[in-house]
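Participant: Here is a sequence together with a model predicted from it:
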Amino acid sequence: VLIIAILFGVSMLLVPKNIATPTKAFLESISEILFKMMGLIIRLAPLGVLGSVAYTTAQFGLGSLFKLSYLIILFYLTCVVFVVCILGSILKLSGLNIFKFLQYFKEELLIVLGTASSDAVLPQIMQKLKNLGVKDSTVGLVIPTGYSFNLDGFSIYLTLGVIFIAQACNIDLSLSHLLLILFVSLLTSKGAHGVPGSAIVILAATLSIIPDIPTIGLVLLLSIDWFIGIVRAMTNLIGNCVATVFIATWEKDIDLVKAKEILKSPQKASPIPIVQK
């Protein structure tokens with residue numbers, strides 16, 4: 001969908017304006033209607049979640065809520081291990097320390113922690129990476145692209161979510177099924193960032209590859225999607241920042257001496273400019 005959207009947008013720019021203008025007006029009107037419809041769904045969604053949680057608790061007892069808490073804890077631990085071990089090892093190749101790196105982006109991570117979205121800190125992240133010594137061209141290419149294509153936390157959630165639903169429904173998954181889920185989740189996660197409630201929609205698409213798993217099992221995850229979304233967004237953000245530094249190191253577009261000095265003493269970094277209206 002993302003690739004077709006890009007090709008369609010580029011093609012609209014290439015055709016004469018008298019052809020593109022009516023199409024653009026039509027798409028904008030359809031978008032307005034769809035956004036209104038999505039707004040109604042989002043307003044009513046809490047009632048649906050309340051009903052699903054009430055039914056699950058009444059039918060299966062409080063033990064079902066503890067199972068969901070286990071999934072949250074497992075997801076959090078998986079993301080921590082991924083950031084410290086995997087992303088930390090990648091950052092180590094650039095000669096930087098993952099813990100000092102996270103300390104440098106502490107304010108942005110706290111904003112993501114409170115909003116469960118990394119979109120709000122996109123300008124600050126790009127500016128801080130530039131202050132770290134990464135060239136503008138690399139930051140301008142990798143960060144926006146990574147927001148659509150490099151969604152580490154999203155991919156982790158999709159795989160864990162499918163396996164959790166399968167276990168809740170007492171469905172055994174073979175090794176081939178697990179590999180298929182892993183491969184498909186890497187594809188279905190692309191372009192899903194920034195769309196409210198997209199995790200559930202993308203998870204439904206991922207579930208469809210295993211016909212034995214009922215899609216209705218998604219109801220089990222609706223009540224914890226917010227808690228999952230917090231760490232999911234933080235993991236996505238950290239992954240994009242590490243990817244930018246690694247690619248900059250690969251392309252020799254970063255001043256590593258300056259980066260190490262700033263990470264050692266973050267207060268030496270250039271102040272983030274405040275944009276006033």
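Facilitator: Received the coordinates, thanks.
Participant: Which residue ranges of the protein form helices?
Facilitator: Assigned helices in the chain, in chain order: 2-14, 17-60, 63-81, 88-92, 98-104, 106-115, 122-131, 136-149, 152-168, 175-188, 198-207, 219-222, 225-250, 256-264 (criterion: DSSP state H).
Participant: which residues are contacting the third one?
Facilitator: This points to helix 63-81. Around helix 63-81, the neighbours that count as contacts under Cβ atoms under 8 Å, 6 or more residues apart in numbering are 53, 56-57, 153, 156-157, 160, 164, 168, 220-221, 223-224, 227-228, 231-232, 234-235. Backbone N, C-alpha and C define where each C-beta goes, glycine included.
Participant: For that helix, buried residues please.
Facilitator: By neighbour count, with 16 or more other Cβ atoms under 10 Å as the criterion, the buried positions of helix 63-81 are 68, 71, 75, 78-79.
Participant: and those as CSV, adding distance to Val184?
Facilitator: Supplementary listing: the buried residues of helix 63-81 in CSV, determined by distance: Cβ to Cβ, whole Å:
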residue, distance to Val184
Leu68, 24
Leu71, 20
Phe75, 19
Thr78, 18
Cys79, 20
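Participant: Please identify which pair of those residues lies farthest apart.
Facilitator: Taking every pair in the buried residues of helix 63-81 and measuring Cβ to Cβ, the maximum separation is 16.9 Å, between Leu68 and Cys79.
Participant: residue ranges with poor pLDDT in the protein?
Facilitator: 42, 45, 49, 56, 60, 64, 191-198, 266-277 (pLDDT under 70).
Participant: So if we follow the domain assignment, how does it break up?
Facilitator: With domains defined by automatic domain parsing, the chain comprises 1-61, 62-271.
Participant: Distance from the chain centre to the first one, please.
Facilitator: It refers to domain 1-61. Mean-position distance between domain 1-61 and its chain equals 18 Å (Cα atoms, centre = their mean, to the nearest Å).
Participant: one step back: any chance of the helices of the chain in JSON lines, with distance to Ile213 too?
Facilitator: Converted to JSON lines, the helices of the chain look like this (distance: least, Cβ to Cβ, whole Å):
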{"stretch": "helix 2-14", "distance to Ile213": "25"}
{"stretch": "helix 17-60", "distance to Ile213": "17"}
{"stretch": "helix 63-81", "distance to Ile213": "16"}
{"stretch": "helix 88-92", "distance to Ile213": "33"}
{"stretch": "helix 98-104", "distance to Ile213": "35"}
{"stretch": "helix 106-115", "distance to Ile213": "31"}
{"stretch": "helix 122-131", "distance to Ile213": "35"}
{"stretch": "helix 136-149", "distance to Ile213": "26"}
{"stretch": "helix 152-168", "distance to Ile213": "5"}
{"stretch": "helix 175-188", "distance to Ile213": "9"}
{"stretch": "helix 198-207", "distance to Ile213": "5"}
{"stretch": "helix 219-222", "distance to Ile213": "12"}
{"stretch": "helix 225-250", "distance to Ile213": "18"}
{"stretch": "helix 256-264", "distance to Ile213": "44"}
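Participant: Val242 - how many residues pack around it?
Facilitator: Using other Cβ atoms under 10 Å, Val242 has 24 neighbouring residues.
Participant: Give me the neighbour count for the closest residue to it other than its chain neighbours.
Facilitator: What sits nearest to Val242 in space, not counting adjacent residues and going by Cβ to Cβ, 6 or more residues apart in numbering, is Leu87, at 4.7 Å. When neighbours are counted by other Cβ under 10 Å, Leu87 registers 21.
Participant: give the contact list for Leu87.
Facilitator: 98, 152, 238-239, 242.
Participant: Show the buried residues in the contacts of helix 63-81.
Facilitator: Neighbour counting over the contacts of helix 63-81 (16+ other Cβ under 10 Å) leaves 53, 56, 153, 156-157, 160, 164, 168, 220-221, 223-224, 227-228, 231-232, 234-235 as the buried ones.
Participant: Check the burial of the residue lying closest to Ile209 once chain neighbours are set aside by counting its neighbours.
Facilitator: Closest residue in space to Ile209, ignoring its immediate chain neighbours: Val184 at 5.2 Å, by Cβ to Cβ, 6+ apart. Each residue near Val184 was counted by other Cβ under 10 Å, and the total is 19.
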